[in-house]
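# predicted structure and sequence below. I'll ask about it afterward.
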Amino acid sequence: MSDIAHNLEAVRNRIIRAAQAAGRDPASIRLLAVSKTFPAEDVRAALGANQSAFGENYVQEALAKVEALADLRERVEWHFIGPLQSNKTRPVAEHFDWVHSVDRLKIAQRLSEQRPVNLPPLNVCLQVNVSGEASKSGVAAADAPALAREIAALPRLALRGLMSIPEPSEDVDAQRAAHRTLRTLFDDLRGEGIALDTLSMGMSADLEAAVLEGSTMVRIGTAIFGNRDYSG
């Protein structure tokens with residue numbers, strides 16, 4: 001078994017244990033393998049270990065991997081999870097299956113306009129800045145409902161849910177509180193009749209807290225692929 005396959009098995013076991021602790025069905029939680037900064041060969045190895053959904057943060061790097069793995073396109077679900085500039089929306093609309101980082105109407109409108117008609121609607125999540133950090137992308141929680149309603153009305157997009165990247169904390173109660181903020185907003189929007197089904201929250205360090213608070217998709221990179229080298 002390769003290191004990546006071994007790590008995937010360990011992460012899946014963490015998800016199972018966290019789901020059991022929360023009284024949830026482990027099958028209700030999807031694993032998104034965050035492959036940013038790692039080569040296409042690592043994605044190929046993860047595919048060989050039955051991982052199909054991959055998250056990327058940087059458009060040019062991601063497009064190179066999409067091309068390198070074109071022979072496996074039917075098996076790969078590509079998720080864009082990084083900050084998205086308006087001048088980079090077209091390649092994302094054309095090559096990705098999901099975008100988690102929509103945080104303003106202009107980005108959503110461009111993705112809607114640029115999504116090819118021969119492809120299914122682009123699945124999108126609204127990124128919410130639950131910690132109020134100035135350095136973080138995301139719409140303020142108070143402004144999220146109005147933006148969600150506007151995005152839900154756009155053609156060629158399917159608003160699936162909410163995403164957050166809370167301020168890092170080693171305290172489980174603090175982790176849970178941040179995730180609970182997003183879950184509450186999610187429940188409120190569903191109560192308004194917006195058909196959301198995805199809570200994209202939880203990473204390698206706070207997977208368990210996220211699952212306890214209702215995450216349906218955890219974004220795991222380091223625990224699968226190892227520590228990242230940003231020196232290049």
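Cool, got the structure.
# so residue 210 sits in a helix?
Yes: under DSSP: H, G, I helix; E, B strand; the rest coil, residue 210 sits within a helix.
# mind listing what it touches?
Residue 210 is in contact with 175, 179, 201, 202, 203, 218, counting by Cβ atoms under 8 Å, 6 or more residues apart in numbering. Heads up, the C-betas are built off the backbone N, CA and C, glycines and all.
# mind redoing it with 6 Å?
Contacts of residue 210 were listed using Cβ atoms under 6 Å, 6 or more residues apart in numbering, and they are 179, 201, 202, 218.
# my guess is the third one meets residue 220, correct?
No: with contacts counted by Cβ atoms under 6 Å, residue 202 stays clear of residue 220, the gap being 8.0 Å.
# between these two, which is the more surrounded one?
For the pair residue 202 and residue 220, the greater number of neighbours falls to residue 202 (29 against 24), based on other Cβ atoms under 10 Å.
# SS state for residue 61?
Relying on three-state DSSP, one would call residue 61 helix.
# SS state for the closest residue to it other than its chain neighbours?
Spatial nearest neighbour of residue 61, chain neighbours left out: residue 36 (6.9 Å); criterion: Cβ to Cβ, 6 or more residues apart in numbering. Per three-state DSSP, the local secondary structure of residue 36 is coil.
# distance check, residue 36 against residue 85.
16 Å (Cβ to Cβ, to the nearest Å).
# these two - which one has more neighbours?
When residue 36 and residue 85 are compared for neighbours, residue 36 comes out ahead with 17 against 10, by other Cβ under 10 Å.
# ok so, going back, who wins for neighbours among the contacts of residue 210?
residue 201 (34 neighbours).
# which ones are touching it?
164, 179, 182, 210, 215.
# can you report how many residues neighbour the nearest residue to residue 50 once chain neighbours are set aside?
Excluding the flanking residues, the one nearest residue 50 by Cβ to Cβ, 6+ apart is residue 8, at 7.9 Å. Burial of residue 8 is recorded as 24 neighbouring residues (other Cβ under 10 Å).
# so residue 8 lies in a helix, does it not?
Yes: according to three-state DSSP, residue 8 belongs to a helix.
# that one reaches residue 49, doesn't it?
Yes: assessed by Cβ under 6 Å, residue 8 is found in contact with residue 49 at 4.9 Å.
# ok, which stretches of the chain are helices?
3-21, 40-48, 59-68, 89-95, 105-114, 144-152, 172-191, 207-212, 222-225 (DSSP state H).
# need the winner for burial among those helices.
Highest mean neighbour count of the helices of the chain: helix 207-212, a mean of 25 (counted as mean count of other Cβ atoms under 10 Å).
# avg pLDDT for it?
Averaged across helix 207-212, pLDDT comes to 97.
# and that helix, how far from the chain's centre?
Distance of helix 207-212 from its chain centroid, counting by Cα atoms, centre = their mean, to the nearest Å, is 15 Å.
# next one: stretch 103-122
The answer for stretch 103-122 is 17 Å, by Cα atoms, centre = their mean.
# go on, stretch 6-21?
That offset, for stretch 6-21, works out to 18 Å (Cα atoms, centre = their mean).
# can you list contacts of it?
Counting by Cβ under 6 Å, 6+ apart, 26, 29, 49, 51, 207, 208, 211, 220, 223, 224 sit against stretch 6-21.
# and if you look at stretch 173-189?
Counting by Cβ under 6 Å, 6+ apart, 128, 130-131, 141, 144, 148, 162, 164, 166, 169, 196, 199, 201, 206, 209-210, 213-214 sit against stretch 173-189.
# which ones among the residues you listed are found in strands?
128, 162, 199 (DSSP state E).
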